[in-house]
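A.B. asks: Output the structure for:
(2 chains)
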2 protein chains.
Amino acid sequence: MKQQNVDTKTNLPDTGEADECLFEYLHAEMVNYVLSSKTNGKEGEEELSPLEWMGFGVGYRIMERLTREWARFKDELDTIKFICMDLWSSLYRKQIDNLRTNHQGVYVLHDNAFRLLTNIGAPDSTQYLREAPRLLAFTCGLLRGSLANLGIVSTVTAEIATLPSCKFHVQVQRV
Amino acid sequence: MKQQNVDTKTNLPDTGEADECLFEYLHAEMVNYVLSSKTNGKEGEEELSPLEWMGFGVGYRIMERLTREWARFKDELDTIKFICMDLWSSLYRKQIDNLRTNHQGVYVLHDNAFRLLTNIGAPDSTQYLREAPRLLAFTCGLLRGSLANLGIVSTVTAEIATLPSCKFHVQVQRV
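C.D. replies: This is a model prediction of the structure:
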């Protein structure tokens, strides 16, 4: 094949936008793929667990990398705060809006405008409320994975009342 | 449950690093999931097609968004150049190093250090050469999808000689 070189070198353009939506689109494709490859058709724990498990792997490895040059955390609360601020803002472009705890291993992370929910439906609409859990399974796993990397075994569930706000319940397992 | 508010508001920290690897980790999990959910065990076209198809969806939508405020492209070559420069640098943090064409619908995009290949194996090693195609299927689809959004129907294949460099062959279908 006779081929000709084409000059493509110019200054790097400002294209933060495509970069920003890459994760969102890939996440959406992944959710569709996982749900479509399960043929039983019922919506439940069973169906979303591959997404949760993928989130676990990603969270575990991101935390490993993010805390590389970080001092040891004082305690559990300190770790959760790191997740609410540093991890969250780097993944989802904002911090957790509200963190509540009973100081006995239960943490509730409240995000008023969760990135993966902001583009589905009108604000405060309940139209897609039924479909929303599939968009949170990955993040539940991500939270569980990042805590697991720091030695905290937990279960994480999500709760949605009105889009695009949601709450993540972290229940630390005491042995 | 008695709960207490915890103050998490501080200045946004500099955490570009986690953000950078989010896509890479998610991509890796997705590749593993797709390959593990196919039980037939043989490596081939059949197995990687879900990845290619996901890439198509992502590429199609990213292009839709990226070209929103962009003037119409002059011709096919102009479109390909846009992909090599703008799209590539926003997704993979660098431009395509070399673009060749026969001016008859064949384009070869050469990336000397493809982002999804840079972290596997030592440079110039051939250890993981056999596994590398699974890391390129998504991007082949992404190229095909972004071209499809602009009305160019094509087939895209990838070629690897030495890691982490690779070539994408775009063959435009003339009707």
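A.B. asks: Helix or strand next in line after the helix or strand of chain A with the lowest mean pLDDT, which one?
C.D. replies: Every helix and strand in chain A was compared by mean pLDDT, DSSP states H and E; the lowest is strand A:4-6, with a mean of 65. The helix or strand immediately downstream of strand A:4-6 is helix A:16-37, counting by DSSP states H and E.
A.B. asks: How about the residue nearest to the spatial centre of chain A, nearest residue that isn't a chain neighbour?
C.D. replies: Nearest to the geometric centre of chain A sits A:Thr139, at 2.9 Å (CA atoms, centre = their mean). Nearest residue to A:Thr139, sequence neighbours excluded (CB to CB, 6 or more residues apart in numbering or on different chains): A:Gly55, at 6.2 Å. To be clear about C-beta, it is placed using only N, CA and C from the backbone, and glycine gets the same treatment.
A.B. asks: repeat for A:Leu48
C.D. replies: Spatial nearest neighbour of A:Leu48, excluding adjacent residues (CB to CB, 6+ apart): A:Ala137 at 4.0 Å.
A.B. asks: The helix or strand hosting that neighbour - contacts with which helices or strands?
C.D. replies: Using DSSP H and E, A:Ala137 maps to helix A:133-149. Applying 3 or more CB pairs under 8 Å, 6 or more residues apart in numbering or on different chains; DSSP states H and E, we find helix A:133-149 packed against helix A:16-37, helix A:45-66, strand A:154-159, strand A:166-172.
A.B. asks: Counting neighbours, which bits of the first one end up buried?
C.D. replies: Residues A:18-19, A:21-31, A:33-35 are the ones in helix A:16-37 that count as buried (16 or more other CB atoms under 10 Å in any protein chain shown).
A.B. asks: Equivalent analysis for stretch A:149-156, please.
C.D. replies: Going by neighbour count (16+ other CB under 10 Å), the buried part of stretch A:149-156 is A:Asn149, A:Leu150, A:Ile152, A:Ser154, A:Val156.
A.B. asks: Distance-wise, check A:Leu136 relative to B:Lys167.
C.D. replies: Applying CB to CB, to the nearest Å, the value for A:Leu136 to B:Lys167 is 39 Å.
A.B. asks: The two: which is more packed in?
C.D. replies: Neighbour count, other CB atoms under 10 Å in any protein chain shown: between A:Leu136 and B:Lys167, A:Leu136 has more, with 24 against 18.
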